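J.: Quick check, what structure comes out for this input:
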Amino acid sequence: MSAPAPNNDSLRVAVLYGGDSEEREVSLESGEAVIDALRIRGHHVLPVDPRHQPCASVDWTDVDVAFIALHGRFGEDGQVQQILETAGVPYTGSSSTASRLAFSKSAAKERMLLRDVPTPNYTLIHSGDERSRITAMAAQIGYPLVAKPDQQGSSLGIRFVDDPAQLIGAIEEVFEFGPFCVLESVVAGEEWTVGVIDNLLLPPIRIEVPEGFYDFDFKYRDERTEYHIETAPMGTIASRVSHVGARAAAALGTAGVARVDVRVDADGQPWVLEVNTVPGMTSHSLVPKAAAAIGWDFPELCDRSLRNAQQRWSHLQAPQDAHSPQDSSLSRAAS
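T.: The predicted model follows:
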């Protein structure tokens, strides 16, 4: 089953973008791109930046569907989704419950581990923990390791730690982004990502950076980053990446557009790093690149996201037949 085809009926769409998170600038770029694309498709667009227009002040009765382009806090953590659910407004992306789960790296990893989704070994630490205890926990993970804010996106705050001498300085920098920090085993290998749109898998993308890892600069500023859209015949690394990406999305219960970030080790084993429930929607973002590979331009991708949101909302509001089977499988897009 693939995503429903768009039609020509225009909608009244509130595009939520900007906000006050550390990812505001990226969110503004995503939102502006989405606004332009939806207007090209003939929709009536109401731009809403919560920094300047609180969601409580929006007349939601004039909105058919909300397009969430808010990254980071109050975008991916379930807060704005809860507001929209209470207001009875269909919206793009995952539910408030799935958003909260995916936004916490530690909670998401626990869910994935319960579902046997391969993800690197980790431990969770708090800024109030004794530093000697943190040192002991890091030793159990082993070096090299990576320290990450538990709730943050766009690779902000990530620090690689090669040996114990670097640990305390690194975690102090991570704690500037929040009180919880994930210490995770480093998976040496290739960067991959796979986009998911409801039950449709997009072609996976292999990412090459000239040095280091795929950090904020390589994602948004450095033109040397290379993106290779891969076909995924059975038995290839690409097919394994797609398989674990589908399992990760299913484990967290994502909906709409999501992106699963993966590392593939030297043995060809994919490891899920995280699941993004509001992935970037800029000119150089990964999901639009993958959608283009199956023939969807950016306006069509945005339009389909709206239609899918309406369809999901209608399904949630309709009485459920307890005796009808639910198809939770994910299909792969033709490449």
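J.: now the nearest residue to residue 312 once chain neighbours are set aside, what's its secondary structure?
T.: The shortest distance from residue 312 to any residue that is not its chain neighbour, by Cβ to Cβ, 6 or more residues apart in numbering, is 5.9 Å, and that residue is residue 255. In this view, the C-beta of every residue, glycine as well, is placed from N, C-alpha and C. Assigned state for residue 255: coil (three-state reduction, DSSP: H, G, I helix; E, B strand; the rest coil).
J.: Pull the contacting residues for residue 255.
T.: Counting by Cβ atoms under 8 Å, 6 or more residues apart in numbering, residue 255 touches 93-95, 98, 198, 312.
J.: Can you give me the separation between it and residue 315?
T.: 10 Å (Cβ to Cβ, to the nearest Å).
J.: Correct me if wrong, but residue 27 is in a helix.
T.: Yes: according to three-state DSSP, the state of residue 27 is that of a helix.
J.: can you pull the pLDDT of it?
T.: At residue 27 the predicted local confidence, pLDDT, stands at 94.
J.: Pull the number of nearby residues for it.
T.: By the criterion of other Cβ atoms under 10 Å, residue 27 has 29 neighbours.
J.: Hmm, it is touching residue 17, no?
T.: Yes: using Cβ atoms under 8 Å, residue 27 makes contact with residue 17 at a distance of 5.2 Å.
J.: list the residues that contact both of those two?
T.: Residues touching both residue 27 and residue 17 by Cβ under 8 Å, 6+ apart: 69-70.
J.: Pull the contacting residues for residue 176.
T.: The neighbourhood of residue 176, defined by Cβ under 8 Å, 6+ apart, consists of residue 157.
J.: per-residue confidence at it?
T.: pLDDT, residue 176: 92.
J.: Report the secondary structure state of it.
T.: For residue 176, the reduced secondary structure class is helix; criterion used: three-state DSSP.
J.: Show me where the stretch 51-200 of the chain dips below the pLDDT cut-off.
T.: By pLDDT under 70, the low-scoring segments of the stretch 51-200 of the chain are 153-154.
J.: the helices in it, which residues?
T.: Remark: helices of the stretch 51-200 of the chain, listed N- to C-terminal, are 79-87, 96-103, 105-114, 131-141, 164-174; assignment by DSSP state H, counting those that start in this stretch.
J.: returning to that earlier point: return the member of the contacts of residue 255 nearest to residue 21.
T.: When these are compared for distance to residue 21 (Cβ to Cβ), residue 93 comes out closest, at 15.5 Å.
J.: which ones are touching the closest one?
T.: Shown in contact with residue 93 (Cβ under 8 Å, 6+ apart): 68, 81, 99, 255-258, 277-278, 309.
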